[in-house]
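Colleague: Got a sequence here, can you build the structure:
(chains A and B)
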Protein chains: 2
Amino acid sequence: MGLVVQKYGGSSVADAEGIKRVAKRIVEAKKNGHQVVVVVSAMGDTTDELIDLAEQVSPMPAGREFDMLLTAGERISMALLAMAIKNLGHEAQSFTGSQAGVITDSVHNKARIIDVTPGRIRDSVDEGNIAIVAGFQGVSQDKKDITTLGRGGSDTTAVALAAALDAEVCEIYTDVDGVFTADPRVVKKAKKIDWISFEDMLELAASGSKVLLHRCVEYARRYNIPIHVRSSFSGLQGTWVSSEPLAQNTQQQGVKVEQAIISGVAHDTSEAKVTVVGVPDKPGEAAAIFRTISNAEINIDMIVQNVSAASTGLTDISFTLPKAEGRKAIDALEKNKEGIGFDSLRYDDQIGKISLVGAGMKTNPGVTADFFTALSDAGVNIELISTSEIRISVVTRADDVNEAVRAVHSAFGLDSDSDEAVVYGGTGR
Amino acid sequence: MGLVVQKYGGSSVADAEGIKRVAKRIVEAKKNGHQVVVVVSAMGDTTDELIDLAEQVSPMPAGREFDMLLTAGERISMALLAMAIKNLGHEAQSFTGSQAGVITDSVHNKARIIDVTPGRIRDSVDEGNIAIVAGFQGVSQDKKDITTLGRGGSDTTAVALAAALDAEVCEIYTDVDGVFTADPRVVKKAKKIDWISFEDMLELAASGSKVLLHRCVEYARRYNIPIHVRSSFSGLQGTWVSSEPLAQNTQQQGVKVEQAIISGVAHDTSEAKVTVVGVPDKPGEAAAIFRTISNAEINIDMIVQNVSAASTGLTDISFTLPKAEGRKAIDALEKNKEGIGFDSLRYDDQIGKISLVGAGMKTNPGVTADFFTALSDAGVNIELISTSEIRISVVTRADDVNEAVRAVHSAFGLDSDSDEAVVYGGTGR
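Modeller: The predicted model follows:
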């Protein structure tokens, strides 16, 4: 029995009852012979309440002091959780990100972990304690200031600690049963995925699946730490994310992971589309546009350039980006209109993206054909297309997204009442 | 213009409005040319709310995790205060007790400061920042665990930082105008004291005055740091506590500090009285009793041994202690009844203590006589008496306390409509 890292999100520790329930589950893992390190987020709405307070004293709270403020949230939840565990007769000690050795860069509000030196955590568990660590926070290497890791930061803390402590597994406890073949709120017949590869999980996360964030999966893949996403409200097995299906997993549950090449369908309605109209079709134009966007520190997603109309020598370039960045992108491009040289800009925030994710997709042309057929049969018009080795994504009208997701989910045999998943090529993966 | 340390209590920063008001006052001091270090307590009821949460998860929260929890309170208030100052166009940085170099012993929930190494604070103010420091907290020297300083700890943090930074003054901002000659809620004619010596302030604090705690005054005396207790709600001068009256203070305000020998009247109804009845009047008996009490880690206040009755060879020993410790003291004594050898115990929690504090009291027998006369005229019966160089205290019925305080306050010419304070001996102090 080795060391496990468990991470509990804010909804799992929203109140005293939740904290006591989580404490029991942690003690169970300890009783089973594991060394246990727990990463915990702030209780329920604490972070929102702190942000609200900050906005009352300052119109644009940010930076160093904002991080100092927000980290109070985990300090509260972790201390309470340690107390609840001690009350069950087991020893527990809580540690801030700084005490746990989570070293970051100095970019406040969205710092990146650059090193983890968990000496105190190792000592604590070796002494027989359950170690509770504040998620989402660290300390900057140069200035020793408190930093936060940004959205989903607690998952990253958990995976980073699991890597530094050479843990058997990083368990991410949440309020759903695992990762599903599609969003269960949209597709009633969505199935829980028993195992998924890091690569497919990365594509799902990048395509709108909210269960695990891209950054956390990327970290787990780099250090080859198996993630087990599961519910803190039940004892059920959740979804394993790892490089290879675990033997215990396939045997115990009889999962036929090798036959399924399609992992799932993700969707995302948080993006908008910008079209730069009337761009001269000559070298350097796309570079000028995306240098402008990059200088404004805007992350973009899909990029599509239309075929140039021979008669005019002009083309259109479209890209998608988070709606929240839309205004900034338009302003940056307008400001640089002379330099880039285009006719006009179109902005459309009524779009949605549907993505099909699965290994070996590119070597199985049938997948792409079936995907487009499913969309066409459902009467969904496609505006942009983008593909990768293991993913195909399309942009549609936002209103069509739910219908499109259901159609694709069903066409690929992912519905829970399907006899078997559709398998292409028989690559035996 | 040197460095000033300002301390703001929880009631001064109870909400966003309070924080903004305090921020303005801090910026004013900075504009006047001072380097400013601010020590801040948790907002209003935050600490009580955290304690309430702790009690929901554990019946007896204590120790390391309880300290970790409580320190979240100052983290919130100090970050918000720094934001509010930045919003006024001045630079501010907040620091935890640990970051500010407040090093303590390892006694959780009531740690003692053993060193202050304020390198980061010094650097921060030298760079032009206003430094905001979390009160009430530190880090233990041996284990590097987060500790809290116990009740009134933020005042101690402020004085300790002022000493380590060689500050001009430590300003303690509170919700009253300063230290009064008696509790204004009991004595309507109580007057604000313009200056008081460390020694008299120590006796007032030990006798029930709540404005400054004994520990903080003791620290200030040891390092000779002038304290200025004042209201955060007004611009008025408050009470200076220092070794000698400050020239600026006496000149500017024409305070006749040298004539007043009586500083004030303090009272305390938080204590109970234990009487050990029928103790053999022989050497070692008192030692046995108080060794028992000391082993139970109970702090006691007054001790009085009655004259032995010659006929029985037995005597009674009474002492006072905080009501909260009463149960523990009785249990400890009962358990050791055989060893000590006494007849019975009496416990009385309906007592009050009135103390008159002033320099040169012992060399002016008239003071004691006038004190007892005032009590007698008011019909107040005296149960115990204890004296020091600069204080005389009596224990009475709790119901008599307010009347006794008013009578003594008036008899010593402290009422605000008195022409002049009563002066004894003319020692010219």
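Colleague: count of residues packed around A:Lys282?
Modeller: By other C-beta atoms under 10 Å in any protein chain shown, the residues close to A:Lys282 number 11. For the C-beta atoms, the positions are set from N, CA and C on the backbone; glycine is no exception.
Colleague: That should have said A:Ile130, apologies.
Modeller: Using other C-beta under 10 Å: A:Ile130 sits among 27 other residues.
Colleague: quick one: contacts for it?
Modeller: Residues near A:Ile130 by C-beta atoms under 8 Å, 6 or more residues apart in numbering or on different chains: A:26-27, A:30, A:36-38, A:82, A:85, A:90-93.
Colleague: And the pLDDT at the residue of chain A most remote from its centre?
Modeller: Residue distances from the centre of chain A (C-alpha atoms, centre = their mean) peak at A:Ser311, which lies 44.5 Å from the mean C-alpha position. Confidence at A:Ser311, expressed as pLDDT, is 75.
Colleague: Tell me how far stretch A:140-160 lies from the chain's centre.
Modeller: Mean-position distance between stretch A:140-160 and its chain equals 16 Å (C-alpha atoms, centre = their mean, to the nearest Å).
Colleague: Any part of that stretch near chain B?
Modeller: Yes. Contact of stretch A:140-160 with chain B (C-beta under 8 Å from any C-beta of the partner chain) involves A:144, A:146.
Colleague: Any idea how far apart the tips of that stretch sit?
Modeller: 16 Å (C-alpha to C-alpha, to the nearest Å).
Colleague: Pull out the buried positions in that stretch.
Modeller: Residues A:140, A:145-150, A:152-160 are the ones in stretch A:140-160 that count as buried (16 or more other C-beta atoms under 10 Å in any protein chain shown).
Colleague: Over to A:Thr312. Which of the three states is it?
Modeller: coil (DSSP: H, G, I helix; E, B strand; the rest coil).
Colleague: where exactly do the helices run in chain A?
Modeller: For chain A, applying DSSP state H gives helices covering A:16-31, A:46-57, A:63-70, A:72-87, A:119-126, A:153-164, A:198-206, A:214-223, A:247-253, A:285-295, A:326-335, A:337-340, A:365-377, A:401-411.
Colleague: mind putting these in JSON lines, mean pLDDT included?
Modeller: Converted to JSON lines, the helices of chain A look like this (pLDDT from 0 to 100):
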{"stretch": "helix A:16-31", "mean pLDDT": "96"}
{"stretch": "helix A:46-57", "mean pLDDT": "93"}
{"stretch": "helix A:63-70", "mean pLDDT": "95"}
{"stretch": "helix A:72-87", "mean pLDDT": "97"}
{"stretch": "helix A:119-126", "mean pLDDT": "97"}
{"stretch": "helix A:153-164", "mean pLDDT": "96"}
{"stretch": "helix A:198-206", "mean pLDDT": "92"}
{"stretch": "helix A:214-223", "mean pLDDT": "93"}
{"stretch": "helix A:247-253", "mean pLDDT": "49"}
{"stretch": "helix A:285-295", "mean pLDDT": "88"}
{"stretch": "helix A:326-335", "mean pLDDT": "94"}
{"stretch": "helix A:337-340", "mean pLDDT": "90"}
{"stretch": "helix A:365-377", "mean pLDDT": "87"}
{"stretch": "helix A:401-411", "mean pLDDT": "95"}
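Colleague: How about the contacts made by the spatially most central residue of chain A?
Modeller: Per C-alpha atoms, centre = their mean, the C-alpha nearest to the average position across chain A is that of A:Leu213, at 1.4 Å. Neighbouring residues of A:Leu213 by C-beta under 8 Å, 6+ apart: A:151-152, A:155-156, A:205.
Colleague: if we go to 7 Å?
Modeller: A:151-152, A:155, A:205 (C-beta atoms under 7 Å, 6 or more residues apart in numbering or on different chains).
Colleague: wait, what's in contact with the closest residue to it other than its chain neighbours?
Modeller: Among residues not flanking A:Leu213 along the chain, A:Gly152 sits closest, at 3.6 Å (C-beta to C-beta, 6 or more residues apart in numbering or on different chains). The contact partners of A:Gly152, by C-beta under 7 Å, 6+ apart, come to A:213, A:215-216.
Colleague: can I get the contacts of A:Ile130 in TSV with neighbour count?
Modeller: Output for the contacts of A:Ile130, formatted as TSV (neighbours: other C-beta atoms under 10 Å in any protein chain shown):
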residue	neighbour count
A:Ile26	27
A:Val27	18
A:Lys30	20
A:Val36	25
A:Val37	29
A:Val38	29
A:Ala82	33
A:Ile85	30
A:His90	17
A:Glu91	14
A:Ala92	27
A:Gln93	25
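Colleague: Can you sort out which of these also neighbour chain B?
Modeller: A:82, A:93 (C-beta under 7 Å from any C-beta of the partner chain).
Colleague: what about whichever residue of the stretch 301-429 of chain A sits closest to chain B, neighbour count?
Modeller: At 22.3 Å from chain B, A:Ala324 is the closest residue in the stretch 301-429 of chain A, using C-beta to the nearest C-beta. By other C-beta under 10 Å, 11 other residues sit near A:Ala324.
Colleague: cool, the one 10 residues further on as well?
Modeller: With neighbours defined by other C-beta under 10 Å, the count for A:Glu334 comes to 12.
Colleague: Next up, the contacts around it.
Modeller: Contacts of A:Glu334 by C-beta under 7 Å, 6+ apart are A:Leu345.
Colleague: try 10 Å
Modeller: A:292, A:340, A:344-345 (C-beta atoms under 10 Å, 6 or more residues apart in numbering or on different chains).
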